[in-house]
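A.B. asks: Here's a sequence, model it:
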Amino acid sequence: MTAATNLLSLVGVQKRFGETRALVDACLEAVAGEVHAVVGENGSGKSTLAKIVSGVLTAGTGVVRVCGVCPTTPRAAIDAGVATIYQEMMLAEELSVLDNLYAGVDGFWRRREPLATRRRVAAELLERLVAAPLDPDTRVGDLPLGIRQWVVIARALLRKPKLLIFDESSAALDLDATERLHREIQALKSRGTCVLLVTHRIAELVRIADRATVLRDGATVGRLDRHEITEARLLELMSASVQAGGERRTRHVAHPSRKPLLAMHDATLQGGSAPVDFRIDTGEIVGVAGLDGAGQDVFVRALAGIRPPLAGRVELTDSVSGVHDVDSVEQAEAAGITYVSGDRRREGLFPNLSIVENFGLALMDRHTGRAGIIDRDARQGDFDRAAERLRLRFGDARDRITTLSGGNQQKVLIARAFARGPRVIVLNDPARGVDIGTKRELYAHLREFASSGGAVVYLSSEIEEFFGFADRVDVFAGGTLFDTLRDDGIDEGPLLAAMFGTRPGVDDVGRVGADRVGEALGR
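C.D. replies: This is a model prediction of the structure:
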């Protein structure tokens, strides 16, 4: 490796936020034409490092050189050839896809391309990425989460960057979309682009990374070449508390006397789709899977009263008060159903409020006295207990919640959900952008909740999360419930086949689906 080929070099970089040391000794070198992964637990400093490279933050001490310059502003980094796709999507939702794609491209003296040219380029790029036509004049706020993520990726690609940074930005993509992204990354690599991949998806980086840098508590603790990048080695370096080889966990012991709790009857989720019937009992953990747009997101929202089905009904059964209809968020919360979204920015957090205030929003009735005054001591006490239980990392509970890492922000939302004392927890991809240690802690808390008589509905875009955790997995395809897998059937092959709407070996369609499954598994 020579200095001439180094696109990125960080030596001894430190960064503080008040008393919090985000980076203490970060070192990294990345070269042209490679995929370089940056790995670590939540709070290890990965996103801070990405923002320093992008010019959003400046290092306290240390040397930072990016594409031959030392950028101290986002514009300087962009001019040097850096494009960054952040974990939180930076989109103007009231504007069109086209406007979002070209936002920031035109400087004061830059020549503007004709509108027809922009529209053509945008349409061609988006069709390649999304694998379906997308009108550039579509309002971004009307698009589903996965498609919005492609808009952000397309905007970065339009810049033709020398260094492209993905900061947990594939977490909103389903399996099929992730495969398309991997192909795009390989094409960029072949053209000499350096791809810096900040990710918690260990299976993903093991497949595509050429080298990896591991951070722990703000310091670089390991640099691995391709042949050294294994799950066991990564987990060993990331944290002493995370043990390798435990991904297929022992299934939890179910509640001995299960009773019907939440049900959906003859429900139509999308126009033209077959009706869905669903039931979850006390003590059950039900996984929900499907490719983007297959109906699983609509399904979990209907269970939580956020978006009632087009036809049919959702009911919660209470052994004391009987059956309760769930047609709205208010009815769901009154019945004891709590919803946790993986889209923190849009559906979970209040960025201008503090950590403890975000937590306490779910408990306003408990913490507010007769005069309408909040009992801050009571709120702080509940928060302290929840923070200890979930091992939440933070400086001061009065700091804005945006000072936390993405994984710790998600922990606050999960703590808020548990604090309500629900009977059913509905989770919509809650571990998106969360490290493996935090995931395992979440699994343990959910198993404990289910074994005490609660019920868990757990949608995930990462099928590995179901192994040894879910009692069954309901797989959606074509807007309806396509298949249900149990016990030993919860494995990569059957899950992927069902997600593609096939049952391999049944017919010609099944064989075509099996081929796509093999491709998705890298065979």
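
A.B. asks: name the helices or strands packed onto the host helix or strand of Ala386?
C.D. replies: In this structure, Ala386 is located in helix 376-389 according to DSSP states H and E. In terms of contact count using 3 or more C-beta pairs under 8 Å, 6 or more residues apart in numbering; DSSP states H and E, helix 376-389 is assigned the packing partners helix 355-360, helix 364-367, helix 406-419. Using the backbone N, CA and C atoms, a C-beta is placed for each residue, glycine as well.

A.B. asks: His36 is nearest to which of those helices?
C.D. replies: In terms of C-beta to C-beta, the element of the helices and strands packed on helix 376-389 nearest to His36 is helix 406-419, at 20.2 Å.

A.B. asks: The closest one: which residues count as buried?
C.D. replies: 406-419 (16 or more other C-beta atoms under 10 Å).

A.B. asks: could I have it exported to PDB, CA atoms only?
C.D. replies: This file holds the C-alpha atoms of helix 406-419, laid out as PDB (Å, rounded to 0.1, in the frame of the first residue of the first chain):
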ATOM      1  CA  GLY A 406     -28.600   5.300  16.900                       C
ATOM      2  CA  GLY A 407     -28.600   2.000  18.900                       C
ATOM      3  CA  ASN A 408     -29.000   3.900  22.200                       C
ATOM      4  CA  GLN A 409     -31.800   6.000  20.800                       C
ATOM      5  CA  GLN A 410     -33.500   2.800  19.900                       C
ATOM      6  CA  LYS A 411     -33.000   1.500  23.400                       C
ATOM      7  CA  VAL A 412     -34.900   4.600  24.700                       C
ATOM      8  CA  LEU A 413     -37.800   3.700  22.500                       C
ATOM      9  CA  ILE A 414     -37.800   0.100  23.600                       C
ATOM     10  CA  ALA A 415     -37.500   1.200  27.300                       C
ATOM     11  CA  ARG A 416     -40.500   3.500  26.700                       C
ATOM     12  CA  ALA A 417     -42.500   0.600  25.300                       C
ATOM     13  CA  PHE A 418     -41.700  -1.700  28.200                       C
ATOM     14  CA  ALA A 419     -42.500   1.000  30.800                       C
END
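
A.B. asks: before we move on, back to that, closest to Ala203 out of the helices and strands packed on helix 376-389?
C.D. replies: Of all the helices and strands packed on helix 376-389, the one in closest proximity to Ala203, counting by C-beta to C-beta, is helix 406-419 (17.8 Å).

A.B. asks: helices or strands next to the closest one in the packing?
C.D. replies: Under the contact definition 3+ C-beta pairs under 8 Å, 6+ apart, helix 406-419 sits against strand 337-341, helix 344-347, helix 355-360, helix 376-389, helix 436-451.

A.B. asks: Mind checking what helix or strand follows that helix in sequence?
C.D. replies: Following helix 406-419 in sequence, per DSSP H and E, is strand 424-428.

A.B. asks: Just the mean pLDDT for that next one, thanks.
C.D. replies: Strand 424-428 shows an average pLDDT of 94 in the prediction.

A.B. asks: Same check on stretch 434-448?
C.D. replies: For stretch 434-448, mean pLDDT rounds to 81.

A.B. asks: Also stretch 202-214?
C.D. replies: Here the mean pLDDT over stretch 202-214 is 87, rounded to a whole number.

A.B. asks: cool, stretch 117-133 as well?
C.D. replies: Average pLDDT, stretch 117-133: 87.

A.B. asks: Pull out the CA atoms of it and give them to me as CSV.
C.D. replies: The C-alpha trace of stretch 117-133 is given here as CSV (Å, rounded to 0.1, in the frame of the first residue of the first chain):
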residue,chain,number,x,y,z
THR,A,117,-31.5,15.7,-19.0
ARG,A,118,-31.8,15.6,-15.2
ARG,A,119,-35.2,13.8,-15.5
ARG,A,120,-33.8,11.2,-17.9
VAL,A,121,-30.7,10.5,-15.8
ALA,A,122,-32.7,10.3,-12.6
ALA,A,123,-35.3,7.9,-14.2
GLU,A,124,-32.6,5.6,-15.6
LEU,A,125,-30.6,5.5,-12.4
LEU,A,126,-33.7,4.9,-10.2
GLU,A,127,-35.0,2.1,-12.4
ARG,A,128,-31.7,0.4,-12.2
LEU,A,129,-31.5,0.6,-8.4
VAL,A,130,-35.2,0.1,-7.5
ALA,A,131,-35.7,-2.6,-10.3
ALA,A,132,-38.9,-0.9,-11.2
PRO,A,133,-39.9,2.4,-12.8
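
A.B. asks: I figured Val314 hits Ala304, correct?
C.D. replies: No: counting by C-beta atoms under 8 Å, Val314 stays clear of Ala304, with 9.0 Å between them.

A.B. asks: can you give me the helices in the stretch 201-350 of the chain?
C.D. replies: When assigned using DSSP state H, counting those that start in this stretch, the helices of the stretch 201-350 of the chain occupy the ranges 202-208, 231-238, 296-303, 329-335, 344-347.

A.B. asks: Can you say which of those helices is packed in most?
C.D. replies: Of all the helices of the stretch 201-350 of the chain, helix 296-303 has the most neighbours on average by mean count of other C-beta atoms under 10 Å, namely a mean of 25.

A.B. asks: still on that earlier bit, could I have the CA atoms of the helix holding Ala386 written out in PDB?
C.D. replies: Taking C-alpha atoms only, helix 376-389 is exported to PDB below (Å, rounded to 0.1, in the frame of the first residue of the first chain):
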ATOM      1  CA  ARG A 376     -39.600  15.000  37.700                       C
ATOM      2  CA  ASP A 377     -38.200  12.800  40.500                       C
ATOM      3  CA  ALA A 378     -40.600  10.000  39.700                       C
ATOM      4  CA  ARG A 379     -39.900  10.200  36.000                       C
ATOM      5  CA  GLN A 380     -36.100  10.200  36.700                       C
ATOM      6  CA  GLY A 381     -36.500   7.200  38.900                       C
ATOM      7  CA  ASP A 382     -38.400   5.200  36.300                       C
ATOM      8  CA  PHE A 383     -35.800   6.200  33.700                       C
ATOM      9  CA  ASP A 384     -32.900   5.200  35.800                       C
ATOM     10  CA  ARG A 385     -34.300   1.700  36.400                       C
ATOM     11  CA  ALA A 386     -35.000   1.300  32.600                       C
ATOM     12  CA  ALA A 387     -31.600   2.600  31.700                       C
ATOM     13  CA  GLU A 388     -29.900   0.100  34.000                       C
ATOM     14  CA  ARG A 389     -32.000  -2.700  32.700                       C
END
